[in-house]
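Student: Pasting the sequence and the predicted coordinates here, then a few questions.
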Amino acid sequence: MRPSSKRPKVKELQRTDTIRYSYKDEAQDGEERLKPLSSFVSPLLTDMYQITMAYSLWKNGRHMQKAVFDLYFRKNPFGGEFTIFAGLEEAIRYISDFRFREDQIEQLQGILGAHIDPKFYEWLQEVNCDDISVYALEEGSVCFPRIPLLRIEGPLGIVQMLETTLLCLINYASLIATNAVRHRIAVGKDKQLLEFGLRRAQGPDGAMSASRYAYLGLCDGTSNVLASAIFGIPIRGTHAHSYITSFLGPQDLKERSLVYKSGDKTCEDFWQLVLECKKELNINETNESELVAFCAYARTFPNGFTALVDTYDTLTSGVPNFIIVALALHKLGYKAVGIRLDSGDLGYLSKEARSSFFGVAGKIPNAEYFRNFSIVASNDLNEATIVALNRQGHEIDVFAVGTNLVTCQAQPALGCVFKLVELDGKPRIKLSNEVNKVTLPGKKIPYRLFSAQGHPLVDLLVLDTPGEVPEVGKRILCLHPFEEQKRCYVVPAKVEPIHRLFWKDGKIQVKLPSLEESRRLCLGQISIMREDHMRYLNPTPYKVSVSQSLYNLVHDLWLQEAPIRDLV
């Protein structure tokens, strides 16, 4: 079917408040239905061929056949051997809200042209996901290639129309969460990791998703104020170079007083106190305008003073000026927080700054805490840079990662796919000259098998038939789906089903977890993985296997569906 060549009349779709989380569905007796966070997420957020396929299926009377689709990926990202599943809540919100509004039907009529049977639009107006079932991993789970992240069951024509949007919602979310966890592993447990990527993100929707899923992926906070307001993510931030360079000299300090921490008296001229501290420390040549800027910022935030120290010269001006102002705050009962490094050799500069803090702490009464001033590093950090810093040694406490985290510069897409695996109870297979693109047919149930030490050993896919469920303490044959020589026996100490039923009969079947709960699940699952699966260099591949019955089904269907060529 070819779309009409006539240019459709453009009609502006009404945007709604993107922070509406639910609404009353009058057609369902006032039942509360979830709504996607972004108003862009709708049945029209799809590829054109989803609509043309739906029309063809409807036209041929096949749109209500019972279908099963798997959403999965074929290869872990970033050269690693694990992935973090994210985006489930938004996928369920989309499914809950899926229905064509009157204005959307009008849009489709303009796009598809007049030759489309009007009864197709009547069917679209009645479409919803009440007959859809969704089985999925829990959000925040560690996952691996070929294990279905979602298994969608329902009428063929409806499930097919869900494909593009579900892929859009899962691909980026899982990629960001995985990237964040990889950065967390590189940073280490005792350091802080912040997401500072708002200004470099792919538009507002990308920025909000990046902040949300980076926090799920074990970042400690974000610079994104809106993400903090909506998702409850801890917020962090200080000032930019422009703030420092906006000060020319002491004449810019219009207000100079600062109340003591105790609140019982006031320092009338904080700038004068800063100058006295500079003399006491015998610090001479620093940039005065920078010192003025630090003074002004410390007056504003005396309990949280963190200074950006590389505007002019980090070691000869920025760090000394910070120490001067930190001492002035100390005399008034306050404790400065630390510094941020945004350029240069971060390892070397952090060690030199720490040495300066130690030197001053030994000379000032009750200032031992100077040794522990926080050192924040930014400046286009990425996973590889952090690993290199760890090898050479550094004194950095907080890593603020922006561009390389939110844009996933190392790998811009995860590559999830959405494939039909069963139709009317009959398994279906897609073949390819590339073996990794051959699908695993049939309705499958994934299980995770654990060792006696509590580590996951293998994820096993079995057919949804009696006698296929793996049991604790019983020897199980685990096969590679395509390479017959790759096989092993496992006697699991624990067996866990990976999927849960999240949506059925038009209702959520289990309470969706909060962002904090998904974050805790992610941390828990990461902590029990073997270290060799998670390491940066040459990680050990995690085994994803199939049962003997599923292996036989794959190869039987392969032989059945693959044509035999004549050699001439």
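Tutor: Perfect, I can see it now.
Student: any idea what Val544 is structurally, helix, strand or coil?
Tutor: Following DSSP: H, G, I helix; E, B strand; the rest coil, Val544 is assigned to strand.
Student: these two touch, right, it and Pro148?
Tutor: No. Applying Cβ atoms under 8 Å as the test, Val544 and Pro148 come out as separate, 11.2 Å apart. Using the backbone N, CA and C atoms, a C-beta is placed for each residue, glycine as well.
Student: how about the helices of the stretch 51-200 of the chain, start to end?
Tutor: Applying DSSP state H, counting those that start in this stretch to the stretch 51-200 of the chain gives helices spanning 88-97, 102-112, 118-126, 156-187.
Student: Between Val544 and Pro148, which has more neighbouring residues?
Tutor: Pro148 (26 against 18; other Cβ atoms under 10 Å).
Student: How much space separates the more buried one from Gly442?
Tutor: 11 Å (Cβ to Cβ, to the nearest Å).
Student: How much space separates Tyr135 from Ile152?
Tutor: Taken as Cβ to Cβ, the span from Tyr135 to Ile152 is 8 Å.
Student: wait, isn't Leu216 in contact with Arg519?
Tutor: Yes. In this structure, Leu216 is within contact of Arg519 by Cβ under 8 Å, at 5.2 Å.
Student: Now list whatever residues contact both of those two.
Tutor: Taking Cβ atoms under 8 Å, 6 or more residues apart in numbering as the criterion, Leu216 and Arg519 both touch Gly140.
Student: Tell me which of the two has more neighbours.
Tutor: Taking neighbours as other Cβ under 10 Å, Leu216 and Arg519 compare with Leu216 leading, 31 against 20.
Student: Report the residue spans of the stretch 301-450 of the chain with pLDDT below the cut-off.
Tutor: In the predicted model, the stretch 301-450 of the chain carries no residue with pLDDT under 70.
Student: so how far is Ser174 from Pro456?
Tutor: Taken as Cβ to Cβ, the span from Pro456 to Ser174 is 18 Å.
Student: out of the two, which sits in the busier spot?
Tutor: The neighbour count for Pro456 versus Ser174, taken as other Cβ under 10 Å, is higher for Ser174 (26 against 21).
Student: For the more buried one, which residues are in contact?
Tutor: Phe73, Thr83, Ile84, Phe85, Ala86, Gly87, Cys143, Leu149, Tyr213, Leu414, Cys416.
Student: Quick check: which ranges of the stretch 1-150 of the chain have low pLDDT?
Tutor: 1-32.
Student: That one: strands as residue ranges?
Tutor: Here the stretch 1-150 of the chain has its strands, by DSSP state E, counting those that start in this stretch, at 22-25, 31-34, 66-72, 83-84, 133-136, 142-143, 150-155.
Student: Export these as JSON lines, with columns for distance to Arg354.
Tutor: Converted to JSON lines, these look like this (distance: least, Cβ to Cβ, whole Å):
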{"stretch": "strand 22-25", "distance to Arg354": "50"}
{"stretch": "strand 31-34", "distance to Arg354": "49"}
{"stretch": "strand 66-72", "distance to Arg354": "47"}
{"stretch": "strand 83-84", "distance to Arg354": "33"}
{"stretch": "strand 133-136", "distance to Arg354": "46"}
{"stretch": "strand 142-143", "distance to Arg354": "35"}
{"stretch": "strand 150-155", "distance to Arg354": "48"}
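Student: for these, which one sits closest to Thr540?
Tutor: strand 142-143 (14.2 Å; Cβ to Cβ).
Student: What is the closest one packed up against?
Tutor: Contact here means 3 or more Cβ pairs under 8 Å, 6 or more residues apart in numbering; DSSP states H and E; on that basis strand 142-143 packs against strand 83-84, helix 515-528.
Student: Please identify the pairing partners of it and their relative orientation?
Tutor: Using DSSP bridges, strand 142-143 pairs in its sheet with strand 83-84 (antiparallel).
Student: what does the strand it pairs with contact?
Tutor: 73, 76-77, 140-145, 174, 177-178, 180-181, 216-217, 414, 522.
Student: quick one: contacts for Leu253?
Tutor: Each residue near Leu253 by Cβ under 8 Å, 6+ apart is listed here: Trp271, Val292, Cys295, Ala296.
Student: List just the nearest of those to Pro513.
Tutor: Of all the contacts of Leu253, Pro513 sits closest to Ala296, with 43.6 Å by Cβ to Cβ.
Student: Verify the stated contact: the closest one with Phe247.
Tutor: Yes. Ala296 lies in contact with Phe247 (Cβ under 8 Å); the separation is 6.6 Å.
Student: Thr540 and Asp532 touch, don't they?
Tutor: Yes. In terms of Cβ under 8 Å, Thr540 counts as a neighbour of Asp532; the distance is 4.2 Å.
Student: Can you report how many residues lie near Asn433?
Tutor: Residues near Asn433, counting by other Cβ under 10 Å: 6.
Student: For it, give its distance to Ala562.
Tutor: In this view, Asn433 and Ala562 are 11 Å apart by Cβ to Cβ.
Student: Next: Gln251.
Tutor: 83 Å.
Student: repeat for Leu291
Tutor: According to Cβ to Cβ, Leu291 stands 76 Å off from Ala562.
Student: Which one of those two is surrounded by more residues?
Tutor: Counted by other Cβ under 10 Å, Leu291 and Ala562 do not tie: Leu291 has more neighbours, with 26 against 10.
Student: residues in contact with that one?
Tutor: Per Cβ under 8 Å, 6+ apart, neighbours of Leu291: Val274, Lys278, Asn321, Ile324, Val325.
Student: In helices, which of these fall?
Tutor: Applying DSSP state H to those, the entries found in helices are Val274, Lys278, Asn321, Ile324, Val325.
Student: Ignoring the adjacent residues along the chain, who's closest to the first one?
Tutor: Spatial nearest neighbour of Val274, excluding adjacent residues (Cβ to Cβ, 6 or more residues apart in numbering): Ala328 at 4.7 Å.
Student: Quick check: next helix or strand after the helix or strand hosting the one you found?
Tutor: In the assignment (DSSP states H and E), Ala328 maps to helix 319-331. The helix or strand immediately downstream of helix 319-331 is strand 338-341, counting by DSSP H and E.
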